[in-house]
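*Asks:* Predicted model and sequence below, questions to follow.
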Amino acid sequence: MANLLCIGAGYVGGPTMAVIAQKCPEHRVVVVDIDGAKIAAWQSDRLPIYEPGLKEVVLSCRDKNLFFSREVERHIAEADIIFVSVNTPTKTFGQGAGKAADLQYWEKTARLILQHSRTPKIVVEKSTLPVRTAEAMERILHSDDRDLPFDVVSNPEFLSEGTAIRDMENPDRVLIGARDTPSGQKAMQAIVDIYAHWVPRERIITTNLWSSELSKLVANAFLAQRISSINSISALCEKTGADIQEIAHAIGLDSRIGPRFLNASVAFGGSCFKKDILNLVYLCEHYGLSEVARYWDQVVRMNEYQQARFHSCILSSLFNTVAGKRIAVFGAAFKANTSDTRESPALHVCRALVEERAEVVLTDPYALDNARIVLGEDARRVIFEPDPYAAAANAHAIAILTEWTLFAHLDYQAIYRSMAKPAFIFDGRNILDHRGLFSMGFNVQAIGKPPLIHSAR
Ligand code: NAD
Ligand code: UGA
């Protein structure tokens, strides 16, 4: 039996440790956070995040071998293995502002671990970090006279929100990086042994520390690059009459390209893609690789272009003014099946419409509370409406921003009747039956598709 601790009870710490606890009943797993409200929520029936299947996993092991606590110091002292999954957002101040990772939470955690440790520990990097961060961690951990034996291991997390439990239970691969020393290899084996409880051994990959750290940034950069690539072509489709979904299908059948991550959309969102690419850009600049930095920076620029194109299209289609017009925004989450609204394109579009003085009505099945927080001051100028039918009533337009299945199966005939005319639908996720909507009377504009506009009678 080992005492496993995770520092950081967020989108990564909570779900990953819940699955580890369920798969490794002989280990005691504690998840700590400085945010008392979050810990209270993990201990309650209303978990702090919505994630399909999460509640069942948590309930199966909570208070048996899975515990949530605010007592960071005490649990550090008791732990054998400490996973660190604190937030590593983009720096907003000083050198590297807007690009570099803000490592203040990470460094505080390293110092806390040192301060409260009395026994040897393995420290596992779960957060996404710049390459060579483990070196800084090691230096902090070995910076006092006691010189306690600490081993730092990199084990980046590849789960996606909305499918976190499935991704943890059946990962494409688990990546573990460590020093090529006897104690580094022993620490690595201890982490391999945890995952080997349920992950086939050939899917557990071991590398050196720096390859592991950098692979995480590169994986996110490649995924985001695919979305920016298909989104760039969606703009060309709208000019030429080609259809982006037909193109994605045609190119995706090439086994060298593959079908996944080719859904053109209003833009990619979420807390990580933009932050991790900007971090990669910053690292390349730091090492004097300005061409490489510029290459990856373009992935983020294309994403911003796509987002701006979407709300410009709403404005120009609605006769260049949305002032005083009710616009129903369907979806606040950055993708379906999550309550997370961090960097959500939906909220970006909401802000742009509010700026144009539209009456914005936002609807989402799970993400309205987070949307209210993220919108801050702008929330006062947005109507939050859980019922999509009520949101659409009297609206001039509907904009689909999140691909919730629910939105694909609404009674659009009834919705059309309740709307102001001419009625518009802007499908930022290509989830609707565009021809069917057009025949009901809607004017339909979808990403990467020829517009379907009724001509004036
Ligand atoms: P999050 O903001 O949801 O959670 C981080 C938690 O750490 C917060 O609850 C915060 O209060 C806590 N924390 C910060 N400092 C602390 C301290 N000193 N002691 C105790 N708790 C502390 O973030 P997240 O989405 O879980 O992401 C965490 C890391 O994992 C990031 O580096 C991110 O890039 C990476 N990651 C995220 C995802 C994802 O899907 N969200 C996937 C893979 C990797
Ligand atoms: C992403 C990665 O997929 C995970 O492997 C990684 O662990 C995680 O980032 C992270 O490091 O945080 P996540 O952001 O949760 O996961 O969700 P994705 O499914 O990757 O979607 C990201 C964004 O891209 C969403 O806004 C989604 O709607 C959009 N997207 C995705 C598209 O526009 N088109 C696609 O084809 C796929």
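*Replies:* Nice, thanks for sending it over. Numbers count the residues shown, from 1 in each chain. Ligands and ions are numbered 1, 2, ... in the order given.

*Asks:* Tell me the secondary structure at residue 67.
*Replies:* Following DSSP: H, G, I helix; E, B strand; the rest coil, we place residue 67 in the strand state.

*Asks:* Who are the contact partners of the nearest residue to residue 25 once chain neighbours are set aside?
*Replies:* Distance criterion CB to CB, 6 or more residues apart in numbering; nearest residue to residue 25, sequence neighbours excluded, is residue 65 at 5.8 Å. Where you see a C-beta, it was placed from the backbone N, CA and C, and this is true even at glycine. Residue 65 makes contacts with 21, 24-29, as judged by CB atoms under 8 Å, 6 or more residues apart in numbering.

*Asks:* And the helices in the stretch 1-150 of the chain, which stretches?
*Replies:* When assigned using DSSP state H, counting those that start in this stretch, the helices of the stretch 1-150 of the chain occupy the ranges 13-23, 36-42, 54-61, 72-78, 104-116, 133-141.

*Asks:* For ligand 2, find the nearest of those helices.
*Replies:* Between ligand 2 and these, the tightest spacing by CB to the nearest ligand atom is seen for helix 13-23, at 10.6 Å.

*Asks:* tell me what that closest one is packed against?
*Replies:* With contacts taken as 3 or more CB pairs under 8 Å, 6 or more residues apart in numbering; DSSP states H and E, helix 13-23 sits against strand 3-7, strand 28-32, helix 54-61, strand 66-69, strand 81-84, helix 164-169.

*Asks:* picking that back up, return the most buried member of the helices of the stretch 1-150 of the chain.
*Replies:* Burial of those is given as mean neighbour count (mean count of other CB atoms under 10 Å); helix 13-23 ranks first at a mean of 25.

*Asks:* quick one: that one to strand 3-7, angle?
*Replies:* Helix 13-23 and strand 3-7 meet at an angle of 160 degrees, taking axes from the mean of the first three to the mean of the last three CA atoms, to 10 degrees as the criterion.

*Asks:* got a list of contacts for helix 13-23?
*Replies:* Helix 13-23 has contacts (CB under 8 Å, 6+ apart) with 4, 6-7, 27, 29, 31, 33, 42, 47-49, 51, 54, 57-58, 60-61, 65-66, 83, 85, 126, 157, 159, 164-165, 168-169, 194, 197-198.

*Asks:* 6 Å - rerun?
*Replies:* The list of residues contacting helix 13-23 from outside it, by CB atoms under 6 Å, 6 or more residues apart in numbering, reads 6, 29, 31, 51, 54, 57-58, 60-61, 65-66, 85, 164, 168, 197-198.

*Asks:* Ok, stretch 414-426 next?
*Replies:* Residues external to stretch 414-426 that are found in contact with it (CB under 6 Å, 6+ apart): 314, 317, 392-399, 437, 440-445.

*Asks:* which residue packs closest to whatever residue of the stretch 1-150 of the chain ends up closest to ligand 2, ignoring adjacent ones?
*Replies:* Using CB to the nearest ligand atom, the point where the stretch 1-150 of the chain gets nearest to ligand 2 is residue 128, with a distance of 5.7 Å. With CB to CB, 6+ apart as the criterion, residue 128 has its nearest non-adjacent residue at 5.2 Å, and that residue is residue 216.

*Asks:* coming back round to it: out of the contacts of helix 13-23, which are close to ligand 2?
*Replies:* Contacts with ligand 2 within the contacts of helix 13-23, counted by CB under 6 Å from any ligand atom: none were found.

*Asks:* hmm, back to that, of the helices and strands packed on helix 13-23, which is nearest residue 340?
*Replies:* When those are compared for distance to residue 340 using CB to CB, the nearest one is helix 164-169, at 10.5 Å.

*Asks:* what's the next helix or strand after the closest one packed up against?
*Replies:* Past helix 164-169, further along toward the C-terminus, the next helix or strand under DSSP states H and E is strand 174-178. Contacts defined by 3 or more CB pairs under 6 Å, 6 or more residues apart in numbering; DSSP states H and E place strand 174-178 against helix 182-195, strand 204-208, helix 209-240.

*Asks:* sorry, back to before: the residue of the stretch 1-150 of the chain closest to ligand 2: neighbour count?
*Replies:* One way to gauge burial is a neighbour count; for residue 128, by other CB atoms under 10 Å, it gives 24.
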